[in-house]
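Undergrad: sequence-free structure coming up:
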């Protein structure tokens with residue numbers, strides 16, 4: 001369901017207003033929400049409130065959006081494998097509300113698939129349920145078709161609607177937010193000025209330049225500028241197939257001052273802020289380097305367990321996806337870009353199930369390509385056109401290098417002096433025509449600390465230790481060594 005259809009279903013706008021705003025969008029472009037506000041059909045505050053609504057709690061089987069038999073099979077598989085017996089335990093395991101679990105168990109009891117075994121030993125107010133012989137047979141058959149055990153998935157259509165509501169382009173990054181996120185880095189004003197519009201566009205960004213000058217660090221810091229939470233489903237259901245999406249290594253929980261969603265005493269019904277099949281997270285950040293292959297961008301089907309693991313770009317939806325060291329992947333740059341030409345341009349990707357069924361998936365992430373290769377060596381003109389923003393990261397200036405060195409020394413407890421800087425300039429950078437690089441100060445400091453620890457001396461930069469670290473940092477001509 002598109003945002004316009006969602007607003008129409010809620011009765012917030014009329015069909016005539018929706019048609020008018022769609023016509024305006026064709027002429028003026030931009031997001032549908034911005035056009036709604038511009039035409040006066042909706043205030044900015046009301047729009048933001050609607051877009052930030054959490055996924056509603058499913059209070060019955062119909063509200064889940066899934067077929068009753070699909071849910072029942074999930075419940076029976078869980079009872080068969082985990083041996084959980086009470087409604088609170090099952091609700092916590094499969095992330096359905098207790099109302100829905102009770103409704104499923106009531107139906108299963110009528111079908112003679114489960115039976116009541118009496119009260120729980122821990123609490124006499126909670127009844128225990130167990131599978132009958134017929135229930136075990138059905139659970140076993142369900143396991144042969146799919147061995148997935150865990151939170152019940154979200155229907156694909158519901159997932160797509162939520163993705164649109166929390167799209168990364170809905171969150172506007174101000175210059176104050178960006179400067180705060182980048183405050184630990186020493187960057188030129190030009191980089192900060194150009195990075196802001198690129199971040200807000202949601203379009204692909206190419207960051208290039210010589211190695212060691214902060215391209216990856218900039219991408220990592222950028223995610224800190226985004227402050228709004230997003231809701232990530234544990235899994236998604238598409239054409240009866242299950243796709244695992246939530247990945248604890250990627251999706252970081254968003255701090256919630258109100259406590260965990262639904263945490264309560266097992267006797268009482270919990271107060272749920274959102275559907276427990278979703279996890280409230282920070283916007284995801286994924287970085288992939290030389291290990292990236294085209295196969296990692298497709299659904300990963302396990303023929304034994306018979307469910308899917310979501311590809312990287314699906315896990316990154318609503319966040320940032322960094323292709324680091326672009327050009328050094330196991331897949332050639334042209335092949336990767338050809339795979340993504342349509343998604344980068346139209347913001348739609350297509351996934352294929354092992355059954356042959358294809359479905360469209362919103363390609364909603366900020367893609368950043370970081371490379372130290374010249375762009376023209378990696379992309380042809382048609383591919384460069386799909387990357388809307390291109391930023392070259394130049395080596396730091398003398399003043400920027402000094403500031404980086406000063407910050408690094410302060411963080412490592414080393415004394416920074418103008419004498420040290422002058423020695424570096426005269427006997428290394430100027431003498432051997434070595435360009436500055438942002439990683440040099442940290443490299444030098446780490447080697448000095450390691451040497452001092454070995455020698456058992458207080459951390460201090462000496463000329464000898466400085467010379468040793470420089471020899472480790474750069475391979476100089478054999479006839480020339482730092483004095």
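TA: Noted; the coordinates are in hand. On a predicted model such as this, the values are computed, not experimentally measured, just so you know. Numbering: from 1, shown residues only.
Undergrad: Helix, strand or coil: sort out residue 102 for me.
TA: helix (DSSP: H, G, I helix; E, B strand; the rest coil).
Undergrad: Show the contacting residues for it.
TA: residue 87 (Cβ atoms under 8 Å, 6 or more residues apart in numbering). C-beta coordinates here come from the backbone N, C-alpha and C atoms, glycine included.
Undergrad: Give me the distance between it and residue 127.
TA: Separation of residue 102 from residue 127 (Cβ to Cβ, to the nearest Å): 10 Å.
Undergrad: so what sits against both of the two?
TA: Joint contacts of residue 102 and residue 127 (Cβ under 8 Å, 6+ apart) are residue 87.
Undergrad: So what's the model's average confidence on the host helix or strand of residue 321?
TA: Using DSSP states H and E, residue 321 sits in strand 320-323. For strand 320-323, the mean per-residue pLDDT is 96.
Undergrad: same thing with stretch 22-34?
TA: For stretch 22-34, the per-residue pLDDT averages 81.
Undergrad: next one: that stretch to chain centre, how far?
TA: Offset of stretch 22-34 from its chain centre (Cα atoms, centre = their mean, to the nearest Å): 28 Å.
Undergrad: and it, how far apart are its ends?
TA: 11 Å (Cα to Cα, to the nearest Å).
Undergrad: Equivalent analysis for stretch 176-194, please.
TA: 14 Å.
Undergrad: Please point out which parts of that stretch sit buried.
TA: Neighbour counts using 16 or more other Cβ atoms under 10 Å place 177-178, 181-182, 185-187, 191-192 of stretch 176-194 among the buried residues.
Undergrad: Strand partners (parallel or antiparallel) of the strand holding residue 321?
TA: Strand 320-323 has the following strand partners under DSSP bridges: strand 285-288 (parallel), strand 366-371 (parallel).
Undergrad: Determine how far the last one lies from the middle of the whole chain.
TA: Spelled out, it's strand 366-371. On Cα atoms, centre = their mean, the centre of strand 366-371 falls 14 Å from the chain's centre.
Undergrad: got the contact list for that strand?
TA: Residues outside strand 366-371 that contact it (Cβ under 8 Å, 6+ apart) are 168, 199, 202-208, 215-216, 219, 222, 319-327, 340, 344, 378, 387.
Undergrad: Equivalent analysis for the first one, please.
TA: With Cβ under 8 Å, 6+ apart as the test, strand 285-288 has contacts from 216, 219-220, 223, 250, 296, 312, 315-316, 319-324.
Undergrad: Let's see that with 6 Å instead.
TA: Contacts to strand 285-288, defined as Cβ atoms under 6 Å, 6 or more residues apart in numbering, come from residues 223, 250, 312, 316, 319-322, 324.
Undergrad: quick one: which of those is nearest to residue 7?
TA: residue 319 (24.8 Å; Cβ to Cβ).
Undergrad: Now do residue 427 against residue 420, distance only.
TA: 11 Å.
Undergrad: Okay, buried residues for stretch 302-314 please.
TA: Buried residues in stretch 302-314, counted by 16+ other Cβ under 10 Å: 306-308, 310-314.
Undergrad: can you tell me which of those residues are in strands?
TA: Here DSSP state E is the test, and those give 307-308 as lying in strands.
Undergrad: biggest separation within the buried residues of stretch 302-314, which pair?
TA: 306 and 313 (22.9 Å).
Undergrad: How far does the helix or strand of the chain with the lowest mean pLDDT sit from its chain's centre?
TA: Within the chain, no helix or strand scores below helix 3-9, which has a mean of 80 by mean pLDDT, DSSP states H and E. Its chain's C-alpha centre and that of helix 3-9 lie 26 Å apart, by Cα atoms, centre = their mean.
Undergrad: Beyond it, next helix or strand please.
TA: Next along from helix 3-9, by DSSP H and E: helix 15-28.
Undergrad: in that next one, what counts as buried?
TA: For helix 15-28, a neighbour-count test (16+ other Cβ under 10 Å) marks 17-18, 20-21, 24-25 as buried.
Undergrad: Include distance to residue 473 when you put those into TSV, please.
TA: Below are the buried residues of helix 15-28 laid out as TSV (distance: Cβ to Cβ, whole Å):
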residue	distance to residue 473
17	63
18	61
20	63
21	58
24	57
25	53
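Undergrad: So residue 115 belongs to a helix, correct?
TA: No. Read with three-state DSSP, residue 115 is strand and lies in no helix.
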